[in-house]
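J.: just coords:
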Ligand code: 3H9
C-alpha cells in the first residue's frame, strides 16, 4: 500500500517525459501522469508523452505495474478536437499509441477523475483495469460531433458491457456515472479518498494476485451477454429520434454489429472505415464547428478577462407569466433565491403552481430528487409588492411587450433597487436604450432575452445598451453559465439577433408560395433539411392572428390575411394553412390550396415546380443576407455567434452548422449570385468578403 509520503514523493520527484507527461515510481508501481490543461485532450504532446512513458515503464525492471493518471480537473476528455483539421505530423498516431498501451505486458490501471470521454475512455479501455472516484463520469460522446469512437471504443466497449449497453452509451452519447459504470463492469473499483493512492494499491494487488492481466480486446464477457439477431433492428426502431437526420448513429450501430460478428482486428478495420466516412462528412464538420462556436460566444473582445463581476446572490423577477416563471426556475435550480413579483394574486398563485408542477415532472422523470425540489421551492419568494425587490442584486422584468409599461416599471424600479443592482429587461424586440432612459442609471440596465420555454431553451441573448457598463455585461455573460445557458451578446436592434434572423425566413416562405410550391411542400423541404417543423406549420402553431394581423386594416392582399379574415387562425381553430383533426394532426387543406393557387394565378410569372434544394436555398439566402447586415452593423460579434443563437434559440438543425456556416460552405460568390437571382440586394459585407476571397467566419479580421 502506498503511503502518503510515497505519494508526495511521486508528486515531487517525478521525472519529466515531456512538457505534459511525467514518470515516477512508487515501490513497484510506475505512475504516468498527464498534465495538459484544460482537459488533458490527446493532442500531439500527450500522445508522444504516453508513447514514451509506456515504453519507459515497460523497460523499467523495478516497475511491475503501471498507473495512468491525470493532473488538473479531469482525466483525458478525448482526442484533441482542435487538431482534427490540423493534425500534428510529428506526433504518433493515436491508434499506435493505444496499441502500445494495449500490448503492455505489465498490469495497467487507469485512474479516472472528472470525465473520461471519447478517446479518453478509449485510452482507459486499453488499460487492463479502470478505477475511478465516486464523482467521475465516463462516456463516448463522439456522436455529438457527428463521429463514432474511432480509437477502438466501438470494439472494446461491447466486450465489457454488451452490445445493448454499448449502443446506448455511444448512440445517445450521454456519459454515465462511475457507480453505474462499476455495476456494468466498465469500472473495476470506485476509490473513496485519494485516487492515486487507491489506484497504486489496486495495481499492487493485481501484481500480487499473480493472475495474468487480460487486455479488453480478448474479453468475451460482454459479447456472451444475450443478444439476438433482432437487437440492432430493434435498437434502431426504439431510438429513431436519435437517428433522424444524423449519420453517426447508424455508423455506430454498424460498428457494434462488427464487434459482435467479426474478430477484433477485422472489427477495428471496420470501425476505421466507418469513422473515416463520418470524419469526412459535412455534418461532422458542422457539429465540430458548433462545439467551438458555443464556447466562443462568452468571449467579448473589448471585455478583458479580469473585468470585475458583480456578485449575484438574490434575483428578482417582475411578471409571473409563462416567461417570468420559466426565468425564475433557472435561478432557483442554480441555488439562487428569487423574489417573484406579480400584480394579481391569482396570477402569482398560478405561477407558483406551474413552477412546482414543472419540478414535479422532472422528479417523476428521475431528473430531480425530492430534496432538490423542496430546496428550489423554498428559494422562491412570491410577492405582490415591487418594494420587496430592494435587496435583489439583479432584477429581470418580464411583462408585456409594451414600451410605456416597461418604462413605467423601470422608473419605479429605479426608486426601489439598491445601488449597483443590475436591472434587466426580457424584451424580445423593444429598444433597450429607451427602457434604460427611464432610469437614472442606464449603465446598470441590460437586456436578458430568454427563449421560450425559458427554463429549457439554452440560449440567452445578452443585449448591451449604448450605456451598459462593462462589468454589467461581464456579469451577465458569466451568470449565463451559472444558469446553464449559452450567452450570445447582441447590440440593440429590432428583434436582436435570433428573432431578426428568423423574420426573413418567414417572409421568404410567404413569398415563395406565390411562385409555385404549396405550404406543405415548403414545410416538407425544411423538415427534410432538419427542422422539427416547417415555417407554415410553425405559423399555425403560433396563431396567424397574433403575428401582426389587424382585422381593422386587413385588405385581403396576402394569403395570410385572407386565412385570418376567414377565421383560419391556425391550430387553435383546427384550420390555418393546414386542416387539423381533434388530435391536432395536420393535413393539407384544399381551402388553402385553392387560395394559394388563386394568388399564384394573379402573379406576374406563372407558377412552376421547385426542387427541395431550391426551396431550402430560397429560404436560407435572405437569412444569410440579414446575418451579414447584423455583422456589419456590429450587432453580433461574429458569424458563429449568429449560428449558435439560431441553433440554441430556434432549433436550427445543428447538423447543418447554421445559416452562416452554410453560406461559407456554399461560397459567398454563390450566395451573392443566388440573392441577385431572386432580386435581393446582397449586403455590402458579402461583396467585400467575396472580393477579398474571405468568408463570413473570418469577419471582422478579413475585409
Ligand atoms: C474523440 O475522442 C475521437 C476519438 O474517438 C477517435 C479519434 C481517432 N479537444 O467544455 P468546457 C476545451 S472526439 C480540444 O468549456 P467544461 C474547450 O474547447 C472527442 N479541446 O469545460 C474549452 O476550451 P476554451 C470526444 C477541448 O468543464 C476547454 O477545453 N470528447 C476538448 O464545461 C474547457 O471546455 C468529447 O467530445 C477536446 N476534446 O466541460 C468531450 N474538450 O477554454 C468534449 C474540451 O479555450 N468536451 N476542450 O474554450 C466536453 O464535453 C467538455 O469540454 C468537458 C468539460 C465535459 C470535458
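T.: Sure, I can see it. Everything quoted here is computed from the prediction, not taken from an experiment.
J.: pLDDT below threshold where in the chain?
T.: 1-9, 11, 225-227, 702-703 (pLDDT under 70).
J.: dihedrals phi and psi, residue 33?
T.: For residue 33, the backbone dihedrals are phi -120, psi 130 (criterion: degrees, to the nearest 10).
J.: and it, how far is that from residue 463?
T.: 45 Å (C-beta to C-beta, to the nearest Å). C-betas here are computed from N, CA, C, even on glycine.
J.: enumerate the residues of this structure near the ligand.
T.: 38-39, 41, 74, 77-82, 94, 115, 117-119, 122, 141-142, 145, 147, 149-151, 153, 295 (C-beta under 6 Å from any ligand atom).
J.: in strands, which of those fall?
T.: Using DSSP state E, the subset of the residues of the chain next to the ligand located in strands is 115, 117.
J.: quick one, which of the residues of the chain next to the ligand are buried?
T.: 39, 41, 74, 77-81, 94, 115, 117-119, 122, 141-142, 145, 147, 149-151, 153 (16 or more other C-beta atoms under 10 Å).
J.: can you pull the contacts of the residue in the stretch 501-650 of the chain positioned nearest to the ligand?
T.: Here the residue of the stretch 501-650 of the chain nearest the ligand is residue 640; by C-beta to the nearest ligand atom that distance is 12.5 Å. Contacts for residue 640 (C-beta atoms under 8 Å, 6 or more residues apart in numbering) come out as 289, 292-293, 296-297, 658, 660-661, 697.
J.: residue contacts, the residue in the stretch 451-600 of the chain positioned nearest to the ligand?
T.: Closest approach between the stretch 451-600 of the chain and the ligand, counting by C-beta to the nearest ligand atom: residue 481, at 8.3 Å. Residues near residue 481 by C-beta under 8 Å, 6+ apart: 298, 487.
J.: any idea how far it is from residue 307?
T.: In terms of C-beta to C-beta, residue 481 sits 15 Å off from residue 307.
J.: how about residue 532?
T.: 38 Å.
J.: what of residue 19?
T.: 31 Å.
J.: those two: which is more packed in?
T.: Shown here are residue 19 and residue 307; by other C-beta atoms under 10 Å, residue 307 has more neighbours (17 against 11).
J.: check contacts around the residue nearest to the more buried one when sequence neighbours are not counted.
T.: Closest residue to residue 307 apart from its sequence neighbours, by C-beta to C-beta, 6 or more residues apart in numbering: residue 474 at 4.1 Å. Going by C-beta under 8 Å, 6+ apart, residue 474 touches 300, 303, 307-309.
J.: make sure residue 474 is indeed in a strand.
T.: No. Applying DSSP: H, G, I helix; E, B strand; the rest coil, one finds residue 474 to be helix, outside a strand.
J.: now do the strands in the stretch 551-700 of the chain.
T.: Ranges of strands within the stretch 551-700 of the chain are 578-580, 586-588, based on DSSP state E, counting those that start in this stretch.
J.: can you pull the buried residues of the last one?
T.: Judged by neighbour count using 16+ other C-beta under 10 Å, the buried positions of strand 586-588 are residue 586.
J.: who does it pair up with?
T.: With DSSP bridges as the test, strand 586-588 is paired with strand 578-580 (antiparallel).
J.: identify the residues contacting the residue of the stretch 101-250 of the chain found nearest the ligand.
T.: In the stretch 101-250 of the chain, no residue comes nearer to the ligand than residue 118, which is 2.4 Å away by C-beta to the nearest ligand atom. Going by C-beta under 8 Å, 6+ apart, residue 118 touches 77-79, 139-142, 149, 153.
J.: cool, residue 173 as well?
T.: 139-144.
J.: from the residues you listed, which is closest to residue 57?
T.: Set against residue 57, the nearest of those by C-beta to C-beta is residue 140 (26.1 Å).
J.: tell me how many other residues crowd that closest one.
T.: Around residue 140 there are 31 residues (other C-beta under 10 Å).
J.: which residue is the nearest non-sequential neighbour of it?
T.: Going by C-beta to C-beta, 6+ apart, residue 140 has residue 149 as its nearest residue, at 4.4 Å.
J.: can you check residue 158 too?
T.: Using C-beta to C-beta, 6+ apart and skipping the chain neighbours, the partner closest in space to residue 158 is residue 166 (4.0 Å).
J.: my guess is residue 436 contacts residue 411, does it?
T.: No. Using C-beta atoms under 8 Å, residue 436 is not in contact with residue 411; the gap is 11.1 Å.
J.: more neighbours, these two?
T.: Shown here are residue 436 and residue 411; by other C-beta under 10 Å, residue 436 has more neighbours (24 against 14).
J.: how much space separates the more buried one from the ligand?
T.: 31 Å (C-beta to the nearest ligand atom, to the nearest Å).
J.: swap in residue 29?
T.: From residue 29 across to the ligand, the span is 27 Å (C-beta to the nearest ligand atom).
J.: look up phi and psi at that residue.
T.: phi -110, psi 130.
J.: for the one 10 residues further on, same thing?
T.: Residue 39 has phi and psi values of phi -130, psi 20 when expressed as degrees, to the nearest 10.
J.: now do the contacts for the closest residue to it other than its chain neighbours.
T.: Take residue 39 and drop its neighbours on the chain: the residue closest to it by C-beta to C-beta, 6+ apart is residue 77, 3.7 Å away. Residue 77 sits next to 39-41, 114-118, 120 when contact means C-beta under 8 Å, 6+ apart.
J.: circling back to that earlier point, so which of residue 33 and residue 463 has more stuff around it?
T.: Taking neighbours as other C-beta under 10 Å, residue 33 and residue 463 compare with residue 463 leading, 30 against 24.
J.: out of everything not next to it in sequence, what's closest to the more buried one?
T.: Closest residue in space to residue 463, ignoring its immediate chain neighbours: residue 447 at 2.7 Å, by C-beta to C-beta, 6+ apart.
J.: confirm that neighbour sits in a helix?
T.: No. Read with three-state DSSP, residue 447 is strand and lies in no helix.
J.: go ahead and confirm it touches residue 434.
T.: No. Judged on C-beta under 8 Å, residue 447 makes no contact with residue 434 at a distance of 11.5 Å.
J.: higher neighbour count, these two?
T.: The neighbour comparison of residue 447 against residue 434 (other C-beta under 10 Å) goes to residue 447, with 27 against 15.
J.: for that one, give its distance to residue 376.
T.: As judged by C-beta to C-beta, residue 447 and residue 376 stand 26 Å apart.
J.: same question, residue 543
T.: Distance, residue 543 to residue 376, by C-beta to C-beta: 32 Å.
J.: tell me which of those two has more neighbours.
T.: Per other C-beta under 10 Å, whichever of residue 543 and residue 376 has more neighbours is residue 376, with 23 against 16.
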